[in-house]
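[1] pasted the sequence and its predicted model underneath.
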Amino acid sequence: MEHSTYGSELLSRTLAGESDPETSPLTHMAVIDRRTAEFADWPDWVDDAVRAAFAEQGIARPWRHQVEAADHAVAERHVSICSGTASGKSLAYQVPILSRFATDPTATAMYLSPTKALGTDQLRSVAGLIAGNPVFAHLQPAMYDGDTDHELRQWARLHSRWIFTNPDMLHIGINSTHAKWRQFLARLSYIVVDECHHYRGVFGSHTALVLQRLLRLARSYGADPVVIGASATVSNPAQALSRLIGDEVVAVTEDTSPHGERTVALWEPALLEETGGEHDAPVRRAAAAEAARLLADFVIEGARTLCFVRSRRGVEVTALRAQQLLDEAAPALSGRVAAYRAGYLADDRRRLERALADGELLGVATTNALELGVDISGLDAVIVAGYPGTVASFWQQAGRAGRRGEGSLVVLVARDDPLDTYLVHHPEALLERPVEATVTDPTNPYILGPHMLCAATEAPLTEADLDAFGAHRVVDDLVAQGLLRARKAGWYPAPGVDPHGDIDIRGGIGGQVLIVDSTTSRLLGTIDTGRAKRSVHPGAVYLHQGESFVIDELDLDECLALAHPEEPDWTTSVRETSDVQVLDILRSQSYGPLTVSFAEVEVTDQVIGYLRKARSGEILDSVSMVLPEEVLQTRAVMYTLEPDALTAAGISPEAFPGALHAAEHAAIGMLGLVATCDRWDIGGLSTNLHPGTGLPTVFVYDGYPGGAGFAERGFEAFATWIDATADAVSSCECRSGCPSCVQSPKCGNGNEPLDKAAAITVLRLISARLPQPD
Ligand SMILES: Nc1ncnc2c1ncn2[C@@H]1O[C@H](COP(=O)(O)OP(=O)(O)OP(=O)(O)O)[C@@H](O)[C@H]1O
C-alpha cells in the first residue's frame with residue numbers, strides 16, 4: 001500500500017519536542033505532489049534483443065520521455081535529457097546504443113562521467129543488461145580510467161566496443177594517443193555525457209574543449225558521433241550540452257516517471273548562547289551537529305536516511321556523532337549508521353552501497369560522492385547539511401529520497417553563512433527558482449590556449465578549426481611565443497612541444513603544488529599554485545581523508561608543501577594585502593551616482609601572515625609571514641558610488657570602509673544565488689578611494705586566470721544579486737555582523753573593519769537605483 005504522507009509525518013514526529021514556534025528550527029515546509037507514470041510503446045527501431053533485455057529487468061514499457069529522447073538520438077540529433085533523479089535517463093541512452101550494436105557489430109560508443117564511481121555503476125548496469133546474451137557478446141563494455149591497469153587498458157582499446165571513461169582520461173589517455181584508437185574512433189557512433197550539470201566553471205570549460213577535440217578527431221577518422229547528454233538538474237539543458245560540444249542540441253525536459261509525495265523542510269539551527277565568535281559575533285549550532293541529531297532521530301524512526309555533508313571531515317564527524325547519540329538512545333541501532341566518502345577503497349564503497357540498498361544500513365553520512373548517479377534511490381529521508389552551492393545539487397541530493405509511490409522527507413539544514421541563512425528564510429529562492437545555468441567559458445584564453453596546443457599536436461590545426469574553437473587570437477599568441485608554427489597547410493606544434501601533461505582538468509589553471517607528508521614521504525594531494533599560499537602556507541592545517549596535518553614548509557619554486565601529521569584544535573586564516581587594477585572596462589552601466597561594470601582586472605595579492613583561531617572562532621594569535629606577491633589577471637564585476645550619495649544616505653566618510661567591506665563580503669557570500677560558484681571560487685576588494693576610479697569602489701572577481709564566468713553572471717544578474725544580499729544582511733538577527741551575514745571565513749583582513757548597518761544602507765542605496773529584475 002502506498003503511504004504518501006510519510007514525509008510530513010516523519011517531520012512532525014521529529015518536531016514533537018519543539019512546541020515554541022519562536023525557537024523552532026523549522027523555517028519552512030513545502031509538499032511536492034506525487035506524480036504518476038506515463039508510458040509509451042517501444043519504437044519500431046528498438047531491437048528485439050534490447051526489448052527482451054529490459055523485460056528481463058522487469059521493465060515492460062518505457063516512459064514517454066525516454067522514448068522521446070531515444071528517438072532524437074536515433075534520428076542523429078544531439079540530445080540533452082533533463083529529468084529528475086532516478087527517472088530512467090540511463091535507459092534513454094542505453095536503448096539507442098544497444099539497438100545500434102545489435103545491428104552493427106562494428107559500431108563503438110563512449111560513456112563519459114565526471115566521477116569514477118558513476119562510470120563503474122553505469123558499466124555494471126550495462127553489463128547486467130547484456131549478460132549471457134549472444135547478440136551482445138562482441139560488446140565487451142569496459143572501464144578506461146586512471147585506475148585501470150596497463151594490460152586491461154590495452155585490452156579495452158583493442159576489444160571493447162563501449163568504453164566508460166571520464167574527461168581526465170579522455171584528455172590524457174585517448175585524445176593524446178588517438179592513433180592507437182583509430183579503429184575505435186572511426187566507428188564511434190554515440191557519446192554519452194552523463195551528469196552534464198557537473199561540467200561548470202573551469203572544469204566545465206576544460207571538459208568542453210576535451211570533448212570538442214575528441215569530436216574533431218573522430219570526424220577526421222570519418223565518424224560523426226551523436227552526443228546524448230543527461231542531467232537531473234540543469235536550467236537550459238540544450239544550451240549546457242551545446243556549449244560542451246560546440247554544436248546544436250535538442251532538449252527533452254518533460255519527466256514522465258512516477259514519484260511519491262515529497263516533503264521539504266528548511267531548518268535553521270539555534271544560536272548558541274555561550275560561544276562567541278570573531279569579534280564576539282553570535283554563532284549557530286553547527287550544521288553537521290544538527291544533522292547528526294536529525295540522522296539519529298530518523299534512524300530511530302526506522303527511516304532509511306542519507307545525510308549529505310559538505311566536507312570529508314564533516315562526514316566522519318556526523319556519522320560518529322549520530323552513532324554516539326544512538327549509543328545513548330537506541331544502542332542496537334548505532335551499528336546501522338556509517339560514513340561514506342571519496343577516498344575509501346572501492347570495495348568498501350561497494351559494501352556500503354549494498355548495505356544501504358538492502359536496508360542493513362539505515363543511515364549514511366556522505367559527501368557529494370553519493371550525489372551523482374550511483375543507483376541509490378528509494379530512501380525515506382535525505383538531510384542536506386549545508387546548502388550544497390547550487391539549486392541543481394540540492395535537487396540532485398533531494399532526489400535520492402522517495403521509493404516509487406511512497407512519501408519522503410528532505411531537510412536542508414542551514415550552515416552559518418549568508419546564502420544558507422537567506423535560503424531558509426526565502427524558501428522561494430530555493431524551491432521555486434529554476435536550477436542555475438551552468439557557467440562555462442571555453443573561450444577563456446588561459447584555458448583555450450593550452451587546449452589548442454594539445455589539438456595541434458593531435459592533428460595540425462586548420463582555418464576551420466580556428467573558426468570552430470574561436471581561437472584565432474589565441475593561436476596568434478601561441479605562434480608569437482614560438483609554440484606553434486604557421487605553415488601553408490595549417491598550424492603545427494614547434495618541435496619538442498608536449499602539452500598534454502601541463503593541463504590539469506580539475507585543478508584549475510597553472511601548475512600544481514604537491515603536498516607531501518615529510519614523515520613518510522607520502523603524497524597527500526595537490527593544490528593549484530594560485531590557492532597554495534592561502535591553503536598550505538607554513539602553519540596551515542591541511543585535512544586529508546579524515547587525517548589532519550600541519551604544513552611546515554611551502555616551496556613555491558619547487559611546487560612542494562611539506563607537512564607532518566598533527567591534529568591541532570585551531571585553524572588558520574591568512575591575512576593578506578590586495579590591490580586591483582582595472583585593465584579594461586568590457587561593459588558598463590550607470591544609474592546616477594552608481595556605476596556597475598564588468599571589467600578585465602589585474603589583482604595583486606600578498607600574504608603577510610595568518611590568524612590562528614580556536615574551533616569556537618576565538619582568535620588565539622596573529623603570526624607574521626611574508627610570501628611573494630601573486631598577480632592574477634581575471635574578470636570582475638565592480639561598482640562605484642559617488643561619495644555624496646553615501647553621505648546623503650547617512651554614512652559618514654569614516655564609515656565608508658566598513659560599509660563597503662561588509663557589503664562586499666555579503667555579496668561574495670551571495671553570488672552563488674545567481675552563478676554556479678561558491679565563495680572559494682571568487683575574491684573581492686573594497687576601497688573608499690580607488691586610484692583607478694577615484695571613487696568608493698567594490699570589486700568581486702573570479703579567482704581563476706582569465707575568469708571563469710562567475711563575475712560575468714554577477715554583472716548580468718546584478719539587481720537580483722544585490723537585492724538578495726540586502727535582504728540577507730538586513731534579516732540576519734545578529735547585532736553587528738556574524739558569519740551568517742557580513743563576516744567572511746576567508747577575509748584577508750581578519751574581518752576588519754565591518755559595519756553591518758552601513759552595509760545595509762549601501763546595498764539598499766544600490767537596489768533603489770537599479771531597475772528591478774522581472
Ligand atoms: N520505463 C521504466 N519502467 C520502470 N522502471 C524503470 C523504467 N526506466 C527505468 N526504470 C528504473 O528506474 C530506476 C532509475 O533509473 P536510472 O538509474 O536510469 O535513472 P537516472 O535518471 O539515470 O538516475 P540518476 O539521476 O540517478 O542518474 C532504475 O532502477 C531503472 O531500472
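    Now that the structure is in, tell me what you want to look at.
[2] every contact and neighbour count from this point should use C-alpha atoms.
    Noted.
[3] which non-adjacent residue is nearest residue 622?
    Once flanking residues are discounted, residue 622 sits nearest to residue 611: 4.4 Å by CA to CA, 6 or more residues apart in numbering.
[4] one more: residue 646?
    residue 762 (7.2 Å).
[5] show me what contacts the one you found?
    646, 659, 660, 663 (CA atoms under 8 Å, 6 or more residues apart in numbering).
[6] contact partners for residue 401?
    Counting by CA under 8 Å, 6+ apart, the residues that residue 401 touches are 305, 377, 378, 379, 380, 381, 382, 408, 409, 410.
[7] likewise for residue 67?
    40, 42, 43, 92.
[8] can you pick the most crowded of the residues you listed?
    residue 92 (24 neighbours; other CA atoms under 10 Å).
[9] tell me the secondary structure at residue 72.
    Going by DSSP: H, G, I helix; E, B strand; the rest coil, the secondary structure assigned to residue 72 is helix.
[10] can you pull out the strands in the stretch 551-700 of the chain?
    Ranges of strands in the stretch 551-700 of the chain, per DSSP state E, counting those that start in this stretch, are 560-565, 570-591, 594-614, 619-624, 630-641, 682-687, 697-702.
[11] tell me which strands and helices whatever helix or strand residue 265 lives in is in contact with?
    According to DSSP states H and E, residue 265 maps onto strand 262-267. On a contact count with 3 or more CA pairs under 8 Å, 6 or more residues apart in numbering; DSSP states H and E, strand 262-267 meets helix 6-14, strand 26-32, strand 408-413.
[12] hmm, residue 704 and residue 683 touching each other?
    No. If you go by CA atoms under 8 Å, residue 683 and residue 704 don't touch, sitting 9.7 Å apart.
[13] these two: which is more packed in?
    Neighbour count, other CA under 10 Å: between residue 683 and residue 704, residue 704 has more, with 23 against 20.
[14] does that one touch residue 631 like I think?
    No. Judged on CA under 8 Å, residue 704 makes no contact with residue 631 at a distance of 10.9 Å.
[15] where does residue 279 land on pLDDT?
    Note on residue 279: pLDDT of 64.
[16] number of residues surrounding the closest residue to residue 408 other than its chain neighbours?
    Among residues not flanking residue 408 along the chain, residue 7 sits closest, at 4.2 Å (CA to CA, 6+ apart). By the criterion of other CA under 10 Å, residue 7 has 26 neighbours.
[17] from residue 416, how far out is the residue nearest to residue 622?
    20 Å (CA to CA, to the nearest Å).
[18] next secondary structure after the lengthiest helix in the chain?
    Of all segments of type helix in the chain, defined using DSSP state H, the longest is helix 201-220. Reading on from helix 201-220 to the C-terminus, the next helix or strand found by DSSP H and E is strand 226-231.
[19] ok, then the element right after that next one?
    helix 237-245.
[20] next, the angle from that next one to helix 201-220.
    Per axes from the mean of the first three to the mean of the last three CA atoms, to 10 degrees, the angle that helix 237-245 makes with helix 201-220 is 70 degrees.
[21] pLDDT of helix 237-245, averaged?
    92.
[22] swap in stretch 749-762?
    The model assigns stretch 749-762 a mean pLDDT of 90.
[23] residue of the stretch 201-350 of the chain nearest the ligand, please.
    residue 232 (5.1 Å; CA to the nearest ligand atom).
[24] enumerate every residue touching that residue.
    Contacts for residue 232 (CA under 8 Å, 6+ apart) come out as 82, 83, 84, 85, 195, 392, 396.
[25] what about the strands in the stretch 1-150 of the chain?
    Using DSSP E, counting those that start in this stretch, strands in the stretch 1-150 of the chain cover 26-32, 79-82, 108-112, 142-143.
[26] so which of the ones you listed gets nearest the ligand?
    strand 79-82 (8.6 Å).
[27] neighbours of the residue nearest to residue 684 when sequence neighbours are not counted, how many?
    The shortest distance from residue 684 to any non-neighbouring residue, by CA to CA, 6+ apart, is to residue 700 (4.3 Å). Residues near residue 700, counting by other CA under 10 Å, number 26.
[28] for residue 700, give me its contacts.
    636, 637, 638, 664, 668, 682, 683, 684, 685, 711.
[29] which of these lies closest to residue 218?
    Among the contacts of residue 700, residue 711 lies closest to residue 218 (CA to CA), at 34.9 Å.
[30] thought the closest one was touching residue 635?
    Yes. Using CA under 8 Å, residue 711 is in contact with residue 635, at 6.6 Å.
[31] any shared contact partners between the two?
    598, 701, 702.
[32] what does the stretch 1-150 of the chain put close to the ligand?
    By the rule CA under 6 Å from any ligand atom, the part of the stretch 1-150 of the chain lying against the ligand is 59, 61, 62, 63, 84, 85, 86, 87, 88, 89, 90, 91.
[33] follow-up on the earlier one: pick the most deeply packed of the strands of the stretch 1-150 of the chain.
    strand 79-82 (a mean of 30; mean count of other CA atoms under 10 Å).
[34] now render the strands of the stretch 1-150 of the chain as JSON lines, adding mean pLDDT.
    Putting the strands of the stretch 1-150 of the chain into JSON lines (pLDDT from 0 to 100) gives the following:
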{"stretch": "strand 26-32", "mean pLDDT": "93"}
{"stretch": "strand 79-82", "mean pLDDT": "96"}
{"stretch": "strand 108-112", "mean pLDDT": "98"}
{"stretch": "strand 142-143", "mean pLDDT": "95"}
